[in-house]
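Q: using only what follows, build the 3D model:
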Amino acid sequence: MKKIMTKLMALVLTGLLLVTHVQAAEILIKGKAYLDVESGQWQSPAEILVKGDLIESINPQTLPDGVEVVDLSDQYLIPGLMDMHTHLDLDFEGGFDHIITKEGAANGALRAAKNAEKTLMAGFTTVRNIGTVHITDELIDVALAEAIVNGWVKGPDVIPAGHMITILGGHGDLTLGLSENLVEQSPINGIVSGVDEAIKAVRYQIKNGAKVIKIHATAGVLSLEDSVGAQQLSNAEMKAIIEEAARHHIKVAAHAHGTAGIIEAIKAGVASIEHGSLLDEEGMKLMKKHGVYLVPTSGLIDSMKDSMDKIDPKMAAKAAYVLPLAQENLSKAIDMGVPIALGTDAPLIPHGQNALELSAMMARGMTAAEAIRSATVNTADLLGLKDRGQIKVGMRADIIATDTDALENIKALESVNFVMKKGLVYKK
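A: Here you go, the predicted model:
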């Protein structure tokens, strides 16, 4: 990670990654209306006074001297959106092999910085980066998160996972399909066999800055194992990972397509199920009982359809089988009231087009208000962050704006005009 940070700093010093933004001591944002996401209703008047990184007041009777006014009186104000499943160090062009096998950690960090800026400018002010996807010991997403906090690059707040934790030869083993003599993976890279290695993998990620742990409870789609849904990490390995993470007050997200693996991950204590393609009624009931979020990544099937002829035939066959079932089961989960948080699996939905997921979830049965809640208050709850997700006094000033009413047309959120994160204006 030190090498990545050094390279990023060098680029900053040469001006290649110069961050510019607008900040005043106090800013008054004048909007047409602002969204109360809990009620799903527009509120007006909509004059939001921002002091530092917080919302100081709404519709104040008096204004401080020297306040900067941002006139958005013809626009609708919404809390900054959040995406719970991104891979910022990846781009998708029918596959990832050219990145995984040919790109080092430093280039991966720069790719991640590029995609982070796209994501922020699309109105997403907080994301979970749910796994570094490069063959390296270094945690690219941790370096990115630190660079954003330090103001070196533009991007959303990044909650980094470090390396995904998976079995040897499993979905997250980035050397699967490569020569067995080429690269040796270890718990440092998240590749484990047995409880002891699983605990070591967790400790390495947390030691080096991970703020969430990502596990692969089951096989996956865009990897070369035969099954898409077979359980991979054992019950004992999952339990050990979750217990170790909990000692550090860190939550665990579980990639899980298959029914058995989903249920065992829920029983082991994960905070979220990613994808949940073959989620059944038993799993849905367990998720409701234990407050486990589904992060469905439903929109990627639409984004990937033009690339299906470019991906490996084994992967294409798995996608053709499981993704339509995932959409059907998401509709059932919505009807049953399973907690749902937005996640795109970007770059499978391209970085900067994350809001496409909102339309996808509405197509499976959500209302516009429910879809927006999935990207604001629900995501904040999943992260355990009480300072964002709503336009309220005392909350973080994460605010975006659209020309048209997103409750009437959710696609308004696919082209936001204004982005403020922590009181800083990045787009207007």
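Q: for residue 8, report the pLDDT, please.
A: In this model, residue 8 is scored at 51, pLDDT.
Q: list the residues that contact residue 33.
A: By CB atoms under 8 Å, 6 or more residues apart in numbering, the contact list for residue 33 reads 42-44, 46, 76-77. All C-beta spots, glycine's among them, are computed from the backbone N, C-alpha and C.
Q: the same query, at a cut-off of 10 Å, please.
A: Residues in contact with residue 33 (CB atoms under 10 Å, 6 or more residues apart in numbering) are 41-46, 75-78, 405.
Q: which among those gets closest to residue 246?
A: For these, the closest approach to residue 246 (CB to CB) belongs to residue 78, at 33.5 Å.
Q: tell me what the longest helix along the chain is packed against?
A: Longest helix in the chain, counting residues (DSSP state H): helix 313-336. Applying 3 or more CB pairs under 10 Å, 6 or more residues apart in numbering; DSSP states H and E, we find helix 313-336 packed against strand 272-275, helix 281-290, strand 293-295, helix 300-304, helix 356-363.
Q: angle of it against helix 281-290?
A: Calculated by axes from the mean of the first three to the mean of the last three CA atoms, to 10 degrees, helix 313-336 forms an angle of 60 degrees with helix 281-290.
Q: can you say which of the helices and strands packed on helix 313-336 is packed in most?
A: Ranked by mean neighbour count, the helices and strands packed on helix 313-336 are led by strand 272-275 with a mean of 30 (mean count of other CB atoms under 10 Å).
Q: tell me how the chain divides into domains.
A: 26-79+388-427, 81-383 (automatic domain parsing).
Q: and the longest one, average pLDDT?
A: The one in question is domain 81-383. On average, the pLDDT along domain 81-383 is 93.
Q: that one spans what distance, first to last residue?
A: Taking CA to CA, to the nearest Å, domain 81-383 runs 13 Å from one end to the other.
Q: how far does it sit from the chain's center?
A: On the basis of CA atoms, centre = their mean, to the nearest Å, the separation between the geometric centre of domain 81-383 and that of its chain is 8 Å.
Q: what does the first one give?
A: Taking the mean C-alpha point of domain 26-79+388-427 and that of its whole chain, the gap between them comes to 22 Å (CA atoms, centre = their mean).
Q: ends of it, what's the gap?
A: End to end - CA to CA - domain 26-79+388-427 spans 17 Å.
Q: about what we covered before: and the two most separated of the contacts of residue 33?
A: Greatest spatial distance among those (CB to CB): 41 and 75, at 17.1 Å.
Q: returning to that earlier point: which parts of the longest helix of the chain are buried?
A: 315-316, 318-319, 322-323, 326-327, 329-330, 333-334 (16 or more other CB atoms under 10 Å).
Q: from those residues, pick the one nearest residue 50.
A: Using CB to CB, the buried residues of helix 313-336 come closest to residue 50 at residue 334, 34.4 Å.
Q: dump the residue contacts of that closest one.
A: So residue 334 contacts 294, 296, 340, 361-362, 364-367, 370, 374 (CB under 10 Å, 6+ apart).
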